[in-house]
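Chemist: okay, predicted coordinates and the sequence, questions at the end:
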Amino acid sequence: MKVERYPYTARAWSGETVVAQSDACLLAETPGEPSILYFPAADIDRLALDGDGARDAVSMPTEPPALVGHGAFDTEREGVRVEVLDGVQGDDGRDITVKAFPIWGDARDLIRVMDVQPDGDRRYVGATHTDGRRPVVEGSQMLGQAIVAAGRHAPERRAVAGNMLFLRGADAGTPLHFELDELSAGRTFTGLAVRVLQEGRCCAAGTLLLDTTAPAVVRHAADAPDVPGPYECPPNDMGVTGRDLRVVNGAYSNDPDAPLGPPVLDCWVRFRDVPDDPALHAGLLVQFMGHMPIAAAMRPHAGVGQAQAHRTLSTGINAINLSLHGPVRADEWMLYHHLSTFAGDGMTHAECRVHTGAGLVASFSVDAMVRPFTGSTGGRDDRTAL
């Protein structure tokens, strides 16, 4: 178990009553298990807990020594919830959002996963992170990590295109290995083949194109969709602190009974703090590409929602084709536009773009599956997690 000071303010509720609030919580993490947040005893309102009849909702450990004098709330208990104020001192109030705890992790955890490290000649390995829940790696994460690996291989060039097929499920708790094969390395372009391996089995494969880039002879770009700005859109909680996600019209929902709409989802994404590494910024942009295309395909259809994914529906990303049109800053607002152009025969297709203040920075298409479970694997054959 690793115990460290938690960098965010947290509060605990019992029903409609705040029973604890602190900016000095401790975070306890055990690999493969949900993290636990411990409040200093001095910041727990025992009188409020007594009055609400929920005194046994908090446990006070006697080991390890670092956690003595702290209490953790049982979020499985009805009416008890813990939430994190995702922001740092000095933030504009609009930049502070609320995340339900336990979370998947922090943006620092995601950056560590994406920041693949050398593991031999043209080989790279990614760190692992899982919160103990369904530990399936997203396909877009693998493509994003491959782009980071390519940036490490040819740091003087920028990834401009890529594609990847996702062939089998990958476990987020087991390292992923990336093998690069240099198909060409000319004066301006580098072509790479990439294989993603886990315990010797190929999970994904694709190609990447890198360029030295050149002055524009002609220039035009598709306009961004006419949607409200990020602060006019409600925040969405995907369990990652340090990353702000805001969905236009709040249209992203797991609920099969949510109001119907067109097969379109627009959302704003921004990371609070990212190292000054162009390949890592591009990788983070790509990592998010797999989150919403399937939801866009489900949106026009009654009785279908992502809450059914990996339960009654087998869903996952099968392929992504990507063009990167310019340098990316993942710590600035990125507007993702997802348009599902087809759904049928157990498959969906989406045509998508990413816009920033600098204009159109990426275009991508996603092929995915949405089909009923017919076997007994419980979702282990899904290509990606939603």
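Modeler: Happy to help now that I have it. Numbers count the residues shown, from 1 in each chain.
Chemist: all helices for the stretch 51-200 of the chain, in order.
Modeler: Ranges of helices in the stretch 51-200 of the chain, per DSSP state H, counting those that start in this stretch, are 107-114, 139-153.
Chemist: want to throw those helices into CSV with distance to Met347 and mean pLDDT?
Modeler: All C-beta atoms are positioned from the backbone trio N, CA, C, and that covers glycine. Putting these into CSV (distance: least, C-beta to C-beta, whole Å; pLDDT from 0 to 100) gives the following:
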stretch, distance to Met347, mean pLDDT
helix 107-114, 28, 96
helix 139-153, 15, 97
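Chemist: doesn't Tyr231 fall inside a helix?
Modeler: Yes. When DSSP: H, G, I helix; E, B strand; the rest coil is applied, Tyr231 is found to be in a helix.
Chemist: that one and Arg94 touch, don't they?
Modeler: Yes. With the criterion set as C-beta atoms under 8 Å, Tyr231 and Arg94 qualify as a contacting pair; they are 4.9 Å apart.
Chemist: so which of the helices of the stretch 51-200 of the chain is the most packed in?
Modeler: With neighbours taken as mean count of other C-beta atoms under 10 Å, the helices of the stretch 51-200 of the chain reach their highest mean count in helix 139-153, at a mean of 27.
Chemist: and that helix, what does it pack onto?
Modeler: Using 3 or more C-beta pairs under 8 Å, 6 or more residues apart in numbering; DSSP states H and E as the contact test, the elements touching helix 139-153 are helix 107-114, strand 123-126, strand 158-166, strand 176-185, strand 189-198, strand 201-211, helix 278-287, strand 313-324.
Chemist: and for stretch 48-59, what's in contact with it?
Modeler: 12, 14-15, 17-20, 39, 44, 46, 71-74, 77, 79-80 (C-beta atoms under 8 Å, 6 or more residues apart in numbering).
Chemist: ah, wrong one, I meant stretch 217-233
Modeler: With contact meaning C-beta under 8 Å, 6+ apart, stretch 217-233 is reached by 94, 244, 246-250, 266-268, 270, 325, 333, 335, 337, 353, 355, 359-360.
Chemist: of the contacts of stretch 48-59, keep whichever come out buried.
Modeler: When the contacts of stretch 48-59 are checked for burial by 16 or more other C-beta atoms under 10 Å, the buried set is Ala12, Ser14, Val19, Ala20, Phe39, Ile44, Gly71, Ala72, Phe73, Val80.
Chemist: show me which strand runs longest in the chain.
Modeler: Ranked by residue count and defined by DSSP state E, the top strand of the chain is strand 359-372.
Chemist: how about it: buried residues?
Modeler: Going through strand 359-372 with 16+ other C-beta under 10 Å, the ones that come out buried are Leu360, Val361, Ala362, Ser363, Phe364, Ser365, Val366, Asp367, Ala368, Met369, Val370.
Chemist: do the same with stretch 79-90
Modeler: Burial within stretch 79-90, assessed by neighbour count using 16+ other C-beta under 10 Å, is assigned to Val80, Val82, Glu83, Val84, Leu85, Asp86, Gly87.
Chemist: which ones among those are found in strands?
Modeler: Val80, Val82, Glu83, Val84, Leu85, Asp86.
Chemist: would a markdown table of the residues you listed with distance to Arg195 and pLDDT be doable?
Modeler: Output for these, formatted as a markdown table (distance: C-beta to C-beta, whole Å; pLDDT from 0 to 100):
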| residue | distance to Arg195 | pLDDT |
| --- | --- | --- |
| Val80 | 46 | 93 |
| Val82 | 41 | 97 |
| Glu83 | 41 | 97 |
| Val84 | 38 | 97 |
| Leu85 | 42 | 96 |
| Asp86 | 36 | 95 |
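Chemist: of those, which is the nearest to Ile103?
Modeler: Val84 (6.8 Å; C-beta to C-beta).
Chemist: show me the contacts for the closest one.
Modeler: The contact partners of Val84, by C-beta under 8 Å, 6+ apart, come to Tyr8, Thr9, Ala10, Leu37, Val98, Lys99, Ala100, Phe101, Ile103, Thr241.
Chemist: so, low pLDDT: which residues of the stretch 251-386 of the chain?
Modeler: Where the stretch 251-386 of the chain drops to pLDDT under 70, the residues are 375-386.
Chemist: could you chop the protein up by domain?
Modeler: Taking automatic domain parsing as the criterion, the chain consists of the domains 2-103, 118-386.
Chemist: so which of these is the most surrounded?
Modeler: With neighbours defined as mean count of other C-beta under 10 Å, the domains of the chain peak in mean count at domain 118-386, which reaches a mean of 18.
Chemist: hang on, the earlier thing: nearest to Arg311, of the buried residues of strand 359-372?
Modeler: Taking C-beta to C-beta as the measure, Arg311 sits nearest to Val370 out of those, at 12.9 Å.
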